[in-house]
Each structure stands twice: as structure tokens, then as C-alpha cells.
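> Sequence first, then the predicted structure, then my questions.
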Amino acid sequence: MTSNNAKPRLVFLFLVFFIGYSIIVVTLYRIQITHYAFYADLAEHQYNETITQLATRAPIYDRNGVALALNKDSLSAFIMPKQCGNFETVTTFIAKAFPDSLQWLLDHKDKNFVFIKRKLTKQEVETIKNSGIEDIHILEEPHRFYPHSSTATIIGLTDIDNKGVIGIELLYNKLLSGKPRTYSLKRDARMGHFYFKKDTIHKGKEGTAIKLTIDNDLQFLIEEELKETLNKFDAKEGIVIVMDPQSGDILSMVSFPHFDPHNTQQLDLELTKNRACTETYELGSVIKIFAALAALEEGLVTPDQLIDCKNSRTAFIDGRKVNTVAPHGLISFKEVLARSNNIGTATVVKELGPKLYDHYKRLGFTSKTRINLPGEQVGFVNHPQNWSKQSIFSLSYGYEISINLLQLAQALSIIANNGKTVSTQLIKEPIELRNNQQQEQLYSQKSIDALKDIMEYTTVSGTGRRAAIKGYRIMSKTGTANLLENGKYTPNKNIFTCEGILEKNNFRRVIVVFVKESSQKRLFSSIVAAPLFERVAEKVIIHEKII
């Protein structure tokens, strides 16, 4: 009886164990074979974690190692909505303390991480701490700090995530940012926070520092002089460029007004432009020296050759009307340039014909300067195919040709560099970022020497007298031009320019100063721009200790 009862029990137990083991085998088969990829991925996420660590953004320096862009830690507030203990309390506090962030939070309440405010002020940090709300956390983040506002339009800005958005910060964002490091971390799945192995997947790379050709001290000194001139004449804006014509280094490039890099909440995008290269202008009589260079190079005139200026403010040349400021009779060509006589200039340059366009192209007026700053505008010179009978005359004294101030400085540097190509530079280091351009003799030494003598005579005896500095050779030319507005030139809206070369022994500097739209009337560059040129040149002499 006992053995008969035991047999069914054994069969039952056997079936139970058989079914149990079968379930285990099937489950293991599903886990290890059928759904291997799924469970392997699940284990990977439980035990492995990938961490990306951003590289430190590299600084930007001036030519002497003065920091122009640095990293500085700031504090940001965030919450984790999915782990929030009392979301209603948090939203009530944010509605009161950070009302601009409330809607953003409500729209993203299903997220794991939401910023409330970045770059907190000290007062905002205290407000959060005093609230006692544990669901609001404070995070330390790096952001850019710019010690010197005078270089703002050159250096540019980074955004809230420290990515370059304008200027050098944008142009060389990848170089400055470096490459992030990526780590694979092994952790105890039960403990969660305990890591027992760390492997580097990508080594990454720190950002590379950039050294500019700009001299920050000189930049500041020149900006002060420019602001003083703008205030004196109640002018809208101004630009000053100082350049080493032998190396091509831009030592100073001031554009004012400019933005404050520490106050960008209501940023006026117009103020972020570096007008030295983003704006082009018909500059008027400063172009005459380049037309004169073309005439000298083509052998059409000599500095002492007499030119008939008709002794009138108005004359007809080949049937076209040409106006000038003051009447002159039979005067030398160098006197034509010194007195900035349009009639005399047009009389000589008309013989060039289409070759004038070729010379302007050779001087770089139809191409960019290669410094590569974002927003640089290429110059425009009316092509001979589109010329009217007036065009050759207009081009000779600075109309129908629109260029930026940096193009003007570069062309002037060719003259200062004895007719040789100049490769404009804004980057000093890394050396591989510099513009490598083989020097080419664009103009003969004879033509360059003749033009320099004319420009020096213009400074001593002509419109550039207020630009002269005793003991130094100053070769300059001024220009006053009307602004084009709605297709018409407006006599009451002017731009005032003075370009020149400062020279003593082997020391040479090219200086361009520009002032736009004074509220005062009946002004000329000889009154506005030439004195500014002289003060800028003095600052250069004192700063660089050229005695």
C-alpha cells in the first residue's frame, strides 16, 4: 500500500522538477540566445557608464601675452523635475524669484534636468540658499571673461555654453575648444555610485591658446583718443588702424562705439561688428594717392610736371563736369595732390583709362584682406565694362570705389613696404595660422619714392599739415566724402579720413583714422581726421619708444 502511494508522488515530483528545469532551460535560452542583445545592452547600462568631459577652452592673448579672453567659473541653478519632492513649492518660488524661467520649467517638467538660471548674481545665489528648497541645486560652470573691452569687436563672444558666436571666438572655435575626453566607467549596479574601473575611450585634447598681433596697451590708448575726437565733433562712429607694413601685423584696430562684453543681455548686434572690415565706404580724396601711384608707374606724369587746373572750382574735361573745393591755375602734380584738386587729378588720371582698374585690383581693392574675420566685406571697384564717361574721373578721387578701412591700410602698407606685397596678419601664434604669402614687387622703387615725396609734401604744405610731427617723416593724405543715402549724396553727412605713414630710420607704421557723421557743419578732414592722426601717431611713438 505504501509503495503504491509512493509511486504517484515520485512521478509528480519528477514532473514538477522536469517542468521547473524546463522553464529554467527555456528562460536561459531566451536570455542567452534569443534575447542576448537586449540583456547584454541592459547589463551594459547597469554596469557601464560613459562620461564626456569637455576640454578647458584656451585663452586668447595680445602680442605681449596680456590675456584678452579667459575662463571664469560662474554659478547656475537647476532642478531635476522627475525627482522633485514638491514641484508646487518649487514653481511658486521660481514664479516669484525667477519669473522669466517659470514657463520654461513648466514646458519641460517631464525632463530629468532643467536649468532655472545660468550665470547667477551673488544676490540670486543668496536668494536660492535662503529659500531652503532642497530641490533647487547650484552648479559651477566655466564661462568666458574679457578683461579689456577695447578689443571686444576683435575677440568676439561665446554663448552660454562657451561656444564662439562672433569674432576670433567664432573663427577659431574648434581650435580654442579642443576635443572632449570620453571615459567608460564600471560601477557596482547595486551601490550605483561606486566605480571600480575607469577606461579612457577618447583621450581628447586641450584647447590651443591664440596670441594676436594686437598690442592691448596701444589699443586702449588709441581708443581714448578716438572717443575724445568723437565727443568733440559729436560724431556717430570712428575707426583707427595701426599696422606694421613690414610684417603685416595689425597692432591696433579700434572700432567705436562697441559692445560691452560683460553686459550682453540686450546686445545690439550692430555694435558687435568690427567696422574696419565689415563696412565699406566711398572714401573720397584718400584714394587719390593710389590713382597718382598708377599714373607715376605708367610714366604719365612726374611730381614736378605742371598741370592746368583751369583756375576754377568747376571745369569740363572731355565734356564732363568736374568740381573741386578751391580754384588753382598751373601747378605741379605734387601740388595737385597737396591741394587735393579734383580737376588736376582728373586731368592726369583720364590718360590711364581702364588701366586704373587694373592698378586698384593690384592694390587689393577688389579682394578680401585674408585676415578672415567673420563678416569681412570685399571692396567694390566699378569695372570698365560698366563705366560711364564720368567713371574715370569719379574713380580718380574716390567715388565708384567702395572699400573697407583694412583694405585701405593694406594698400598703404604696400607703399610703406617699398612697393612689395604685404600679407595682413591678425594672428601671431600659432605660427601656422599666419598668412603665408610670397612677397612680390608690385611697384618700382622709383614710383614709390616719388609718391612718398608727394605725400610728405602734402603733410608739410597741404591738407595734412595738422598731421605733421616734428622730427618724424609723416607721409599723409586726407579725404572728405559725402555719404550715399537713398541713391543720392548728402552734403550734410560726411566721412572724414586721414591715412599716412609714420617713419623714422628703419621704423615704419601705417595709420588710418576715420570719423563718420559729425553733427557739426562745414567740417573737413584737415580739421577732424588730421589732428586725430597726429595724436595717434604720437601715442605710437611714445608707446614704442621711438626717439
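Thanks, I have the structure now. Numbering: from 1, shown residues only.

> per-domain residue ranges of the protein.
What automatic domain parsing lists as the domains of the chain is 50-66+148-212, 68-143, 216-543.

> mind listing what residue 145 touches?
Applying Cβ atoms under 8 Å, 6 or more residues apart in numbering to residue 145 gives the contacts 69-72, 262. Yep, even glycine has a C-beta here, placed from its N, CA and C like the rest.

> Now with 7 Å, please.
Residues in contact with residue 145 (Cβ atoms under 7 Å, 6 or more residues apart in numbering) are 70-72.

> so how far is residue 388 from it?
54 Å (Cβ to Cβ, to the nearest Å).

> ditto for residue 443
From residue 443 over to residue 388 (counting by Cβ to Cβ), the distance is 29 Å.

> Give me the more crowded residue out of those two.
Neighbour tally, residue 443 and residue 388, criterion other Cβ atoms under 10 Å: the higher count belongs to residue 443, 20 against 11.

> Which helix or strand in the protein has the lowest average pLDDT?
In the chain, no helix or strand scores lower on mean pLDDT, DSSP states H and E than strand 195-202, which sits at a mean of 53.

> Would you mind identifying the next helix or strand past it?
strand 210-212 (DSSP states H and E).

> Need the contact partners of that next one.
If you take Cβ under 7 Å, 6+ apart as the criterion, strand 210-212 is touched by 60-63, 168, 172, 176, 426-429.

> Using CSV, list the CA coordinates for the helix or strand just after that strand.
Next along the chain after strand 210-212, taking DSSP H and E as the criterion, comes helix 216-233. Presented in CSV, the C-alpha positions along helix 216-233 are these (Å, rounded to 0.1, in the frame of the first residue of the first chain):
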residue,chain,number,x,y,z
ASN,A,216,46.4,95.8,-25.9
ASP,A,217,48.0,98.8,-24.3
LEU,A,218,48.2,100.7,-27.6
GLN,A,219,44.6,99.6,-28.4
PHE,A,220,43.4,101.2,-25.1
LEU,A,221,45.4,104.5,-25.7
ILE,A,222,44.1,104.9,-29.2
GLU,A,223,40.5,104.2,-28.2
GLU,A,224,40.8,107.0,-25.7
GLU,A,225,42.0,109.4,-28.4
LEU,A,226,39.2,108.3,-30.8
LYS,A,227,36.5,108.7,-28.1
GLU,A,228,37.8,112.2,-27.4
THR,A,229,37.5,113.2,-31.1
LEU,A,230,34.0,111.7,-31.5
ASN,A,231,32.9,113.6,-28.4
LYS,A,232,34.5,116.9,-29.7
PHE,A,233,32.8,116.7,-33.0
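
> Now the terminal residues of stretch 435-444, how far apart.
Stretch 435-444 has an end-to-end distance of 24 Å (criterion: Cα to Cα, to the nearest Å).

> swap that for stretch 273-290, please
27 Å.

> Just checking the distance from that stretch to the centre of its chain.
Offset of stretch 273-290 from its chain centre (Cα atoms, centre = their mean, to the nearest Å): 18 Å.

> ok, the residue sitting nearest the centre point of the chain - contacts?
Closest residue to the average C-alpha location of the chain: residue 167 at 3.1 Å, with Cα atoms, centre = their mean. Residues in contact with residue 167 (Cβ under 7 Å, 6+ apart) are 153-157, 374.

> Need the nearest residue in space to it, chain neighbours excluded.
Nearest non-adjacent residue to residue 167, counting by Cβ to Cβ, 6 or more residues apart in numbering: residue 156, 1.9 Å away.

> In contact with the one you found, which residues?
Residue 156 sits in contact with 164-170, where contact means Cβ under 7 Å, 6+ apart.

> in stretch 253-269, what counts as buried?
Going by neighbour count (16 or more other Cβ atoms under 10 Å), the buried part of stretch 253-269 is 253-256, 258-259, 261.

> for stretch 157-175, same thing?
Neighbour-count burial for stretch 157-175, with 16+ other Cβ under 10 Å as criterion, is recorded at 157-158, 162-173, 175.

> related to what we said a few turns ago, could the contacts of strand 210-212 go into TSV alongside distance to residue 233, pLDDT and secondary structure?
TSV is the format used below for the contacts of strand 210-212 (distance: Cβ to Cβ, whole Å; pLDDT from 0 to 100; DSSP: H, G, I helix; E, B strand; the rest coil):
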residue	distance to residue 233	pLDDT	secondary structure
60	33	96	strand
61	35	97	strand
62	30	96	coil
63	31	96	coil
168	31	95	helix
172	37	95	coil
176	39	94	helix
426	29	96	coil
427	34	96	strand
428	34	95	strand
429	39	94	strand
